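Novice: Let's see this in three dimensions:
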Amino acid sequence: MNRIAGDGAGQYSRVYRGYFLTLMVVVSAFAIIDRVALLTVGQAISRDLGLNDFQFGLVSGFAFAVVYTLAGLPLARIAESGNRVKLISIAVAVWSVFSFLSGFALNFLQLLLCRVVIGIGEAGVQPPAIAIISDLYPPNRRGTALAILSIGLPLGSLIGAASAGYLADAYSWRTVFLLLGVPGLVLAVIAWATLRDPPRGLSEGMSSAALEPAPPARAVFRHLAARASFWHIVVGLALTYFAAAGIGSFIPQYFARVFAMSLGQSGILFGLVGASSSLAGNLSGGVIVDWISRRDQRWYVWLPATGILIAAPLYLGAFGVLNPMIATGLLVVAGVFMFLHYAPSQAVLQNMVEPRMRATAAFIFFFIVSMLGYGVGPTLLGLISDALARHAFSPGNYHSMCSGAAPIAGIAPELVKACHSASASGIRGAMTIMSCLFFWAALHFWLAARTLRHDLRLDSSTLPGALANGKLNSLN
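Specialist: This is a model prediction of the structure:
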């Protein structure tokens, strides 16, 4: 077997690995800033462009998800054999340009088109980045490395929510997107100029020459589909993101409608919830699973199950109280427990596949997150919210008399109050309904534990070279 020294492994020092991981955190943060900014100024966009909750759900979730699904798999397949660094750089440039153009949108269709192309750009970043990290870090350190990568989520959430709310209040929602494009283009140039694509199998002590060519996508799917635990993990992830993305997409509007907050106020609380909960949850999940899975591999799914099960009643409590500070506190604690699933889920999927299957396995994770999470979740929550608001609005036709959550100009104060009350009732009910899905998600993670150890032993016996020779101690 060719040793990795022949592939120039010395170029990938601890300093370089740290630099790569840091740059990917920043890239991820700017991707999240774009998404969170859209959600934070969603109320202003809906008023300006005349969007209802269903249309905003399409713009904020479904458009991104569908395109991510269509573009994600071909881009992941390119990443299995092509230069992953160049793919990441080009993808960052694409989404940055169209984030800038979002500030010029004059109607629903134009904004939808911009979000569609942004989805293409983001589809080319996370799968190859995770595959590279899996080549730079061995399995017993992979959970922590992936957890560090996820720092981009809280960092981007905090910056995006706070800055977008402030800029929208001080200038307009369009200013937010006009300022978002430039930093992304700078990052794309830096990544292209300074990063190198490591050999596949580096973390397992293999050279690229020792690996088989990248198998077709159907072979990767068959490889994973043969493992019963994989299916329970998939369903658990789908239900988790179905609820989490739906709820997260409407938290700024929830604060604005239920507690009558400004865009700046709701943006700060939204950023606090997203940043603190995801930072604590993601990092804790990665560090804990790297440590505890050495004792029993089933903690890769036991930890997510436990966290999600604890989070469910906390979310229900958050949407049942009328004090914004108590609601915020409950949302933060619920998010910490919910996000414990992220690093273990990513790590166990990476541990189930061969080096040239890693980008495709990462795509599967983000397909679930995007299509069933950011795609269906916000759209369905918007539909439920609209339906409940119509039911709660007694003066007449809710959508003809109220534009989105804001009443149209010139109507009586009593009708203004009725519009606000109906929109607040609708979004509160929709958030409560979606929170119940976490109980179902936790069940599937628990069920995955029944066969997980067998499935990981099966994987370690079928992987080539250093893997088959037992060098992956974390799979023992």
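Novice: the strands in the chain, which residues?
Specialist: Ranges of strands within the chain are 402-403, 406-407, based on DSSP state E.
Novice: Pick out the shakiest of these, pLDDT-wise.
Specialist: Lowest mean pLDDT within the strands of the chain: strand 406-407, at a mean of 44.
Novice: how about low-confidence regions in this protein?
Specialist: The chain contains residues with pLDDT under 70 at 1-11, 61, 203-214, 400, 403-412, 458-476.
Novice: Distance check, the residue positioned nearest the centre of it against A387.
Specialist: In the chain, the residue lying closest to the centroid (C-alpha atoms, centre = their mean) is V369, at 5.9 Å. When distance is defined by C-beta to C-beta, to the nearest Å, V369 is 26 Å away from A387. (Each C-beta comes from the backbone N, C-alpha and C, glycine too.)
Novice: Equivalent analysis for V116, please.
Specialist: V116 is 26 Å from A387, by C-beta to C-beta.
Novice: okay, these two: which has more neighbours?
Specialist: V116 (19 against 16; other C-beta atoms under 10 Å).
Novice: That one reaches A63, doesn't it?
Specialist: Yes. Using C-beta atoms under 8 Å, V116 makes contact with A63 at a distance of 5.0 Å.
Novice: Pull up the overlap in contacts between the two.
Specialist: Here V116 and A63 have no joint contacts, going by C-beta atoms under 8 Å, 6 or more residues apart in numbering.
Novice: Check the burial of M24 by counting its neighbours.
Specialist: As a burial measure, M24 scores 26 neighbours (other C-beta under 10 Å).
Novice: Contact partners for it?
Specialist: When the contact criterion is C-beta under 8 Å, 6+ apart, the partners of M24 are 129, 133, 149, 152.
Novice: got JSON lines for these, with distance to S96 and neighbour count too?
Specialist: Formatted as JSON lines, those follow (distance: C-beta to C-beta, whole Å; neighbours: other C-beta atoms under 10 Å):
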{"residue": "A129", "distance to S96": "16", "neighbour count": "29"}
{"residue": "I133", "distance to S96": "22", "neighbour count": "25"}
{"residue": "L149", "distance to S96": "19", "neighbour count": "25"}
{"residue": "G152", "distance to S96": "15", "neighbour count": "23"}
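Novice: can you list the residues you listed in JSON lines and add distance to I88?
Specialist: Converted to JSON lines, the contacts of M24 look like this (distance: C-beta to C-beta, whole Å):
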{"residue": "A129", "distance to I88": "6"}
{"residue": "I133", "distance to I88": "12"}
{"residue": "L149", "distance to I88": "13"}
{"residue": "G152", "distance to I88": "13"}
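Novice: how about the helices in the stretch 101-250 of the chain?
Specialist: 108-123, 126-136, 139-149, 152-170, 173-194, 217-225, 228-258 (DSSP state H, counting those that start in this stretch).
Novice: out of those, nearest to V25?
Specialist: With distances scored as C-beta to C-beta, the stretch of those nearest to V25 is helix 152-170 (4.7 Å).
Novice: Please identify the buried residues of stretch 302-319?
Specialist: Buried positions in stretch 302-319, judged by neighbour count with 16 or more other C-beta atoms under 10 Å: 302-312, 314-319.
Novice: Let's see which of these end up in helices.
Specialist: Taking DSSP state H as the definition of helices, the buried residues of stretch 302-319 contribute 302-312, 314-318.
Novice: with those in mind, which one is nearest to S249?
Specialist: Y315 (14.2 Å).
Novice: OK, contacts around that closest one?
Specialist: 243, 247, 330-331, 334, 338, 431, 435, 438.
Novice: Point out the ones among those that are inside helices.
Specialist: Short answer: the contacts of Y315 in helices (DSSP H) are 243, 247, 330-331, 334, 338, 431, 435, 438.
Novice: ok, the nearest residue to L381 once chain neighbours are set aside to P413 distance?
Specialist: Nearest non-adjacent residue to L381, counting by C-beta to C-beta, 6 or more residues apart in numbering: G246, 3.8 Å away. Using C-beta to C-beta, G246 is found at 32 Å from P413.
Novice: The two: which has the busier surroundings?
Specialist: Neighbour tally, G246 and P413, criterion other C-beta under 10 Å: the higher count belongs to G246, 28 against 8.
Novice: distance of that one from R77?
Specialist: Note on G246: its distance to R77, by C-beta to C-beta, is 30 Å.
Novice: Check F62 too.
Specialist: F62 is 24 Å from R77, by C-beta to C-beta.
Novice: my read: the residue nearest to L381 touches M434, true?
Specialist: Yes. Counting by C-beta under 8 Å, M434 is a contact partner of G246 at 4.8 Å.
Novice: Mutual contacts of these two, please.
Specialist: With C-beta under 8 Å, 6+ apart, G246 and M434 have common neighbours 377, 380-381.
Novice: Tell me the one among these nearest to A449.
Specialist: Comparing these against A449 with C-beta to C-beta places G377 closest, at 25.5 Å.
Novice: Not counting residues beside it along the chain, what's closest to the closest one?
Specialist: Using C-beta to C-beta, 6+ apart and skipping residues adjacent in sequence, the residue nearest G377 is G246, 3.3 Å away.
Novice: So for stretch 166-186, what gets flagged as buried?
Specialist: Of all the residues in stretch 166-186, those buried under the rule 16+ other C-beta under 10 Å are 166-169, 173-174, 176-181, 183-184.
Novice: and which of these is nearest W192?
Specialist: The nearest member of those to W192, counting by C-beta to C-beta, is G184 at 12.8 Å.
Novice: ok, back up a step: contacting residues around the residue nearest to L381?
Specialist: 61, 373, 376-378, 380-381, 430, 434.
Novice: Greatest separation within those: which pair is it?
Specialist: The span of the contacts of G246, defined through C-beta to C-beta, is set by G373 and A430 at 15.8 Å.
Novice: how near is G50 to A441?
Specialist: In terms of C-beta to C-beta, G50 sits 35 Å off from A441.
Novice: Settle it for me: which of the two has more neighbours?
Specialist: A441 (26 against 13).
Novice: Return the residues in contact with the more buried one.
Specialist: Counting by C-beta under 8 Å, 6+ apart, A441 touches 235-240, 243, 308.
Novice: Would you mind measuring from it to L283?
Specialist: 21 Å.
Novice: got it, and I247?
Specialist: The gap separating I247 from L283 is 21 Å, by C-beta to C-beta.
Novice: more crowded one of those two?
Specialist: Neighbours were counted for I247 and for L283 using other C-beta under 10 Å; I247 has more, 27 against 20.
Novice: give the contact list for F108.
Specialist: F108 neighbours (C-beta under 8 Å, 6+ apart): 49-51, 55, 59.
Novice: re the thing from before, thinking the residue nearest to the centre of the chain is in contact with Y241, fair?
Specialist: Yes. Judged on C-beta under 8 Å, V369 makes contact with Y241 at a distance of 4.9 Å.
Novice: Understood, closing this out.
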